[in-house]
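> no FASTA, just this:
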Ligand SMILES: C[S@@+](CC[C@H](N)C(=O)[O-])C[C@H]1O[C@@H](n2cnc3c(N)ncnc32)[C@H](O)[C@@H]1O
């Protein structure tokens, strides 16, 4: 039984499509849980011993663990299982999106443009890190238009992310946004932002919680993907939320200096590049008003993890078309923000808990607290 909350833009599966999607969610729970755990048994029982015999010491980093593990048949089986599950998951949603594409595109137009706005830029140069691979194996990535005024990439992402995260990001996939909002209300209750920017908003999963939290604020959200933004805008309109979406590269936007008092991004940096990440931090600083705050939420860095756990997390870099994941986690984000112009005393790095839950398909929920890294730059001054 799917627990994703309904909204007017969500693709509507047939009974059999829904059944297949829920099966893929269960298969992902199985492969990321039970099957992934088997790697540790194989590592400690075989790969580690072989490595120590040859080198006279244990692996020092994830690269060495990986080198030891890739020879193991269990690693190869697990990796193939993970990759196949990923591709089958997208296929299960794609069947619905492809079948209903005309209806989806029609529904997007019918949402009207009464509240927020949508500004597309067909001349925008798409960054190579977005066009070179289908990130996390999502067919067509964030930018492919299958028809004029297409929203299918957004529809695919909306449902796909829910299955990929096994429902753990909330009924509207909103937990990154609500997590940052929790941090804001605890630590910066007085900020009262009047203009907010969400960079790399995708379909607005994390953007919409800000609309509820700051009803008087003007909220902007940018992304490079036109089909994502069309869907994001239609979804927001359908849910009665006012957001101004525009197709822009977060590295260099057309907003004037000091346009915002709160700038956020959620799990977007790891899908860019070293150069882009530096540019995005510099752009965050340029766009902040004095007294404003930039909050960039990412998955936790590798630094605090054992080499074996780093190897598991780094699977996406090698096999799930997320080429920048490993590199990002080797960066010192604090230093990146300082290099981008934030003063030493303006940058705070923190791990903040995010509440996620998974269900076993039979109505039983397991609640976890995961860690998110927060790179936070505040701009001082009157
Ligand atoms: C993983 S999704 C982000 C998820 C979203 N922030 C959320 O919390 O639901 C990454 C998004 O960042 C966008 N993106 C990547 N590079 C970008 C850039 N330089 N400027 C704007 N958007 C970018 C992609 O098109 C994609 O939609």
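Thanks, I have the structure now. All values reported here derive from a predicted model rather than from experimental measurement. Residues are numbered from 1 along each chain as shown.

> Mind listing what's buried along the helix or strand harbouring residue 294?
Assigned by DSSP states H and E, residue 294 falls within strand 288-298. For strand 288-298, burial by neighbour count (16 or more other C-beta atoms under 10 Å) applies to 288, 289, 292, 293, 294, 295, 296, 297, 298. Bear in mind the C-beta positions are built from the backbone N, C-alpha and C, glycine included.

> Over to stretch 106-116?
In terms of neighbour count (16+ other C-beta under 10 Å), stretch 106-116 has its buried residues at 107, 108, 111, 116.

> for stretch 81-94, same thing?
Neighbour count says stretch 81-94 has 82, 83, 85, 86, 89, 90, 92, 93, 94 buried, by 16+ other C-beta under 10 Å.

> Likewise for stretch 94-102?
So for stretch 94-102, counting by 16+ other C-beta under 10 Å, buried means 94, 95, 96, 97, 100, 101.

> can you check stretch 309-321 too?
Neighbour count says stretch 309-321 has 310, 311, 312, 313, 314, 315, 316, 317, 320, 321 buried, by 16+ other C-beta under 10 Å.

> Please apply the same query to stretch 65-77.
Within stretch 65-77, the residues that count as buried by 16+ other C-beta under 10 Å are 65, 66, 68, 69, 72, 74, 75.

> roughly how far is that stretch from the heart of the chain?
Taking C-alpha atoms, centre = their mean, to the nearest Å, one finds the center of stretch 65-77 at 27 Å from the center of the full chain.

> Next: stretch 128-136.
The answer for stretch 128-136 is 14 Å, by C-alpha atoms, centre = their mean.

> tell me the mean pLDDT for the helix or strand in which residue 276 is found?
Following DSSP H and E, one finds residue 276 within helix 274-287. The pLDDT scores in helix 274-287 average 96.

> same for that helix, what does it pack against?
strand 195-199, strand 260-266, strand 288-298, helix 333-339, strand 365-378 (3 or more C-beta pairs under 8 Å, 6 or more residues apart in numbering; DSSP states H and E).

> one more time with 6 Å, if that's ok
Contact partners of helix 274-287 among helices and strands, from 3 or more C-beta pairs under 6 Å, 6 or more residues apart in numbering; DSSP states H and E: strand 260-266.

> is any part of the strand holding residue 294 close to the ligand?
No: Strand 288-298 lies out of reach of the ligand by C-beta under 6 Å from any ligand atom, never closer than 8.0 Å.

> Pick the one among the buried residues of strand 288-298 closest to the ligand.
Proximity to the ligand was ranked across those by C-beta to the nearest ligand atom; first place goes to residue 297, at 8.0 Å.

> Contact partners for that closest one?
With contact set as C-beta atoms under 6 Å, 6 or more residues apart in numbering, residue 297 has these partners: 176, 180, 266, 372, 374.

> Read off the pLDDT value for the fourth one.
With respect to pLDDT, residue 372 has a value of 69.

> quick one on the thing from earlier: which of the buried residues of strand 288-298 sit farthest apart?
289 and 298 (23.8 Å; C-beta to C-beta).

> ok, and for stretch 38-49, which residues are buried?
Residues of stretch 38-49 classed as buried: 39, 42, 43, 46, 47, 48 (neighbour count, 16+ other C-beta under 10 Å).

> Get me the contact residues on the stretch 151-300 of the chain for the ligand.
176, 199-202, 205-206, 222-225, 228, 249-251, 266-268, 271-272, 276.

> out of these, which are inside helices?
Among these, the members falling in helices are 176, 228, 276 (criterion: DSSP state H).

> Quick check: the residue of the stretch 1-150 of the chain nearest the ligand.
Per C-beta to the nearest ligand atom, residue 142 is where the stretch 1-150 of the chain lies closest to the ligand, at 3.6 Å.

> hang on, that residue packs against residue 223?
No: Residue 142 is beyond contact range of residue 223, at 7.2 Å (criterion: C-beta atoms under 6 Å).

> Neighbour count for these two, which is higher?
residue 223 (28 against 25; other C-beta atoms under 10 Å).

> was I right about the more buried one contacting residue 229?
Yes: if you go by C-beta under 6 Å, residue 223 and residue 229 touch, sitting 5.4 Å apart.

> ok, which stretches of the protein are strands?
117-119, 195-199, 218-223, 244-247, 260-266, 288-298, 347-359, 365-378 (DSSP state E).

> Could you dump those into a markdown table and include distance to residue 125?
Formatted as a markdown table, these follow (distance: least, C-beta to C-beta, whole Å):
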| stretch | distance to residue 125 |
| --- | --- |
| strand 117-119 | 16 |
| strand 195-199 | 17 |
| strand 218-223 | 14 |
| strand 244-247 | 11 |
| strand 260-266 | 20 |
| strand 288-298 | 23 |
| strand 347-359 | 30 |
| strand 365-378 | 26 |
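
> and of the ones you listed, who's closest to residue 158?
strand 218-223 (13.4 Å).

> other SSEs contacting the closest one?
In terms of contacts (3+ C-beta pairs under 6 Å, 6+ apart), strand 218-223 is packed against strand 195-199, strand 244-247.

> what packs against the last one?
The reference is to strand 244-247. strand 117-119, strand 218-223, helix 226-238.

> In the sheet, which strands lie alongside that strand, parallel or antiparallel?
strand 117-119 (parallel), strand 218-223 (parallel) (DSSP bridges).

> Tell me the bridge partners for the spatially closest residue to residue 342 that is not a sequence neighbour.
Closest residue in space to residue 342, ignoring its immediate chain neighbours: residue 377 at 4.0 Å, by C-beta to C-beta, 6 or more residues apart in numbering. Legend: beta-bridge partners of residue 377 under DSSP bridges are residue 294, residue 347.

> what residues are up against the residue nearest to the spatial centre of the chain?
Nearest to the geometric centre of the chain sits residue 267, at 4.0 Å (C-alpha atoms, centre = their mean). Going by C-beta under 6 Å, 6+ apart, residue 267 touches residue 176.
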